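>>> next input, structure requested:
(chains A and B)
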Amino acid sequence: MLRKALAAGATLIVLAGVGLWVTQPRAVEPARYADLTPDATAGEAVFTAAGCASCHHAPKAEGADKLVLAGGQSFETEFGTFRAPNISPHPEAGIGAWTLEDFAGAVTRGTTPGGSHYYPAFPYAAYARMAPQDVADLWAYMQELPESAETSAPHDLGFPFSIRASLGGWKMLYLSDDWVVTDLAEGAETRGRYLVEALAHCGECHTPRNALGGLDLSAWLTGAPNPSGEGRIPGITPGTLDWSATDIAYYLETGFTPDYDSAGGHMVAVIENFAKLPASDREAVAAYLKALPDGS
Amino acid sequence: MKTFVLAAAIAGLAMPAVAQDFDAQLKARQGQFRILAINLGILGDMAKGEVDYSAEAAQDAADSIQAISMVNQPPLWPEGSGADSRDGTRAKAEIWGDFDDFTSKWAALGEQATALQASAGDGREAVGAGLRELGGACKACHDSYRASPN
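Numbers count the residues shown, from 1 in each chain, chains lettered A, B, ... in the order given. This next block holds a predicted model:
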């Protein structure tokens, strides 16, 4: 009996050791970013599709002020309140002193330049699928944006979520750069997949989460409770959304549903961004959504 | 009655409104949005190219939208008629937290409706552009003041 308990204890210790090692924050491989020629103009479309400004502009910013990434917006979750930091090119208050590798590590791995973990309220679990060229273009574009000297506000989280090291396990379970949906036709459908699964992080809102806050991929885009507590975020797989591809593309451009109701809530920012992208991108998202399994 | 309200307030009791309160106001305000949507549908189907453009039909629809945008809103939104007080509505409590902002968003809709009324006769492209602007005014209000569907 005692020997059994000792053996179990030893196993636990070994597992814990392996756990800490496996769950250490990972930086990106420098080689992936070494030989790229960044293009700031192309980076603007990446920035728009990825919705970085929607979370990082100051609360209540309108018009051109939405490009000042001063941070300060709050996001309520069941784990506590997160506050978006300043990511303007200001060298102290923002991220102006970072390297491309620091930036890529944050956006695609959720790893801070100092080697600790970011919280997944920053949707890096989607951005993990971003192409290195897009990351480099995005970084070039963001360095041209206005600086803000605003100090980033701290999060307001309960224990144990206040401990960043506790995120290692979360990342091991939920951070992956694999596609959620495979077997798509090359072209509009795969472009749509890149926009939905990597850049625009549609799944972060439209997919339900489990108790650990990880996305339930078996219910991909089938709708979820609204984190703000009011109403539900609708499902957008063909099982629930019977709109034509034209209707979906028109909604992403204007916010009008097929019966000419108008979008509200957090979807408004997404539409504002998609209205600025080329029509082919809105059509690509529609093609991807139409190609999804029913999922209702 | 006054004393009762006061007593309840002192006791710290929240008094949930009776479900039937403000039924008429709800019907009226939701109905005006339906009139907007039906007329937008006439224009939107032309903009999408699903229906041939007709200057006359476009003008009628734009005139109706503009007319609805002239309806004075405050009587339709009495305090206590939001989703926090009763069923059957998606109006958020925030409306009454900043009622001036809410009515200014309705005024912004009026400006876009007037612009659309002026351009509806100018062809399919003009209707499409006018709709995008008008849609911005709808979204701006729904963004802050309308809850997600259940």
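>>> so which helix or strand takes in B:G130?
With elements taken from DSSP states H and E, the one containing B:G130 is helix B:124-145.
>>> hmm, that helix in reach of chain A?
Yes: judged by C-beta under 8 Å from any C-beta of the partner chain, helix B:124-145 comes into contact with chain A through B:L131, B:R132, B:G135, B:G136, B:C138, B:K139, B:A140, B:H142, B:D143. C-beta: built from backbone N, CA, C; applies to glycine.
>>> distance from that helix to the middle of the chain?
Helix B:124-145 sits 12 Å away from the centroid of its parent chain (C-alpha atoms, centre = their mean, to the nearest Å).
>>> I'd like the average pLDDT over it.
Across helix B:124-145, pLDDT averages out at 95.
>>> in that helix, what counts as buried?
B:124, B:126-128, B:130-132, B:134-145 (16 or more other C-beta atoms under 10 Å in any protein chain shown).
>>> quick one: residues contacting the residue positioned nearest the centre of chain B.
Central residue of chain B (C-alpha atoms, centre = their mean): B:F33, 5.2 Å from the mean position. B:F33 is in contact with A:D261, counting by C-beta atoms under 8 Å, 6 or more residues apart in numbering or on different chains.
>>> for A:S218, same thing?
Here A:S218 is in contact with no residue (C-beta under 8 Å, 6+ apart).
>>> sec struct for it, please.
What DSSP: H, G, I helix; E, B strand; the rest coil gives for A:S218 is helix.
>>> and chain B, which residues reach chain A?
So chain B meets chain A at B:33, B:36-38, B:40-41, B:44, B:48, B:50, B:83, B:90, B:92, B:131-132, B:135-136, B:138-140, B:142-143, B:146-150 (C-beta under 8 Å from any C-beta).
>>> in what helix or strand does the residue nearest to the centre of chain B lie?
helix B:23-48.
>>> run the angle between that helix and helix B:124-145 for me.
140 degrees (axes from the mean of the first three to the mean of the last three C-alpha atoms, to 10 degrees).
>>> now helix B:23-48: buried residues?
B:26, B:29, B:33, B:36-37, B:39-48.
>>> again with stretch A:84-97
A:A84, A:P85, A:N86, A:I87, A:S88, A:P89, A:H90, A:A93, A:G94, A:I95.
>>> closest to chain B among the residues you listed?
The closest of those to chain B turns out to be A:A84 (C-beta to the nearest C-beta; 17.7 Å).
>>> pLDDT value on the closest one, please?
Confidence score, pLDDT, at A:A84: 97.
>>> shaky segments in chain B?
B:1-20 (pLDDT under 70).
>>> please put the alpha-carbon coordinates of the helix holding B:G130 into CSV.
Presented in CSV, the C-alpha positions along helix B:124-145 are these (Å, rounded to 0.1, in the frame of the first residue of the first chain):
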residue,chain,number,x,y,z
ARG,B,124,-28.7,51.5,-58.8
GLU,B,125,-25.2,52.6,-57.8
ALA,B,126,-26.4,55.7,-56.0
VAL,B,127,-29.0,53.6,-54.0
GLY,B,128,-26.3,51.1,-53.1
ALA,B,129,-24.0,53.9,-51.7
GLY,B,130,-26.9,55.6,-49.9
LEU,B,131,-27.8,52.3,-48.2
ARG,B,132,-24.3,51.7,-47.0
GLU,B,133,-24.4,55.1,-45.3
LEU,B,134,-27.9,54.6,-43.9
GLY,B,135,-26.8,51.1,-42.6
GLY,B,136,-24.0,52.8,-40.7
ALA,B,137,-26.6,54.8,-38.8
CYS,B,138,-28.6,51.7,-38.0
LYS,B,139,-25.5,49.8,-36.7
ALA,B,140,-24.3,52.7,-34.7
CYS,B,141,-27.4,52.6,-32.6
HIS,B,142,-27.8,48.8,-32.4
ASP,B,143,-24.1,48.6,-31.4
SER,B,144,-24.8,50.4,-28.1
TYR,B,145,-28.5,50.1,-27.4
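>>> OK, contacts around B:L36?
B:L36 touches A:Y260, B:I65, B:I68, B:C138, counting by C-beta under 8 Å, 6+ apart.
>>> to clarify, my last question referred to A:L157.
Contacts of A:L157 by C-beta under 8 Å, 6+ apart are A:F79, A:G80, A:T81, A:F82.
>>> if any of those residues are buried, put those into a PyMOL selection.
To isolate the buried ones among the contacts of A:L157 in PyMOL, judged by 16+ other C-beta under 10 Å, type:
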select buried, chain A and resi 79+80+82
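>>> out of the contacts of A:L157, who's nearest A:L215?
Nearest to A:L215 among the contacts of A:L157: A:F79, at 14.9 Å, using C-beta to C-beta.
>>> what sits against the residue nearest to the closest one when sequence neighbours are not counted?
Nearest non-adjacent residue to A:F79, counting by C-beta to C-beta, 6 or more residues apart in numbering or on different chains: A:F161, 4.5 Å away. By C-beta under 8 Å, 6+ apart, the residues touching A:F161 are A:F79, A:G80, A:Y119.
>>> pLDDT wise, what is A:F161 at?
For A:F161, the predicted pLDDT is 81.
>>> elements contacting the host helix or strand of A:L138?
With elements taken from DSSP H and E, the one containing A:L138 is helix A:132-142. For helix A:132-142, the packing partners by 3 or more C-beta pairs under 8 Å, 6 or more residues apart in numbering or on different chains; DSSP states H and E come out as helix A:31-34, helix A:40-50, helix A:100-109.
>>> which other residues reach that helix?
A:32-33, A:36-44, A:46-47, A:50, A:52, A:69, A:87, A:89, A:100, A:103-104, A:107-108, A:130, A:199.
>>> buried subset of the residues you listed, written for PyMOL?
The buried residues among those can be selected in PyMOL (16+ other C-beta under 10 Å) with this line:
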select buried, chain A and resi 32+33+36+38+40+42+43+44+46+47+50+52+69+87+89+100+103+104+107+108+130+199
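>>> ok, the spatially most central residue of chain A - contacts?
Chain A has A:P123 as the residue nearest its centroid, 2.5 Å off, counting by C-alpha atoms, centre = their mean. By C-beta under 8 Å, 6+ apart, the contact set of A:P123 is A:H201, A:E204.
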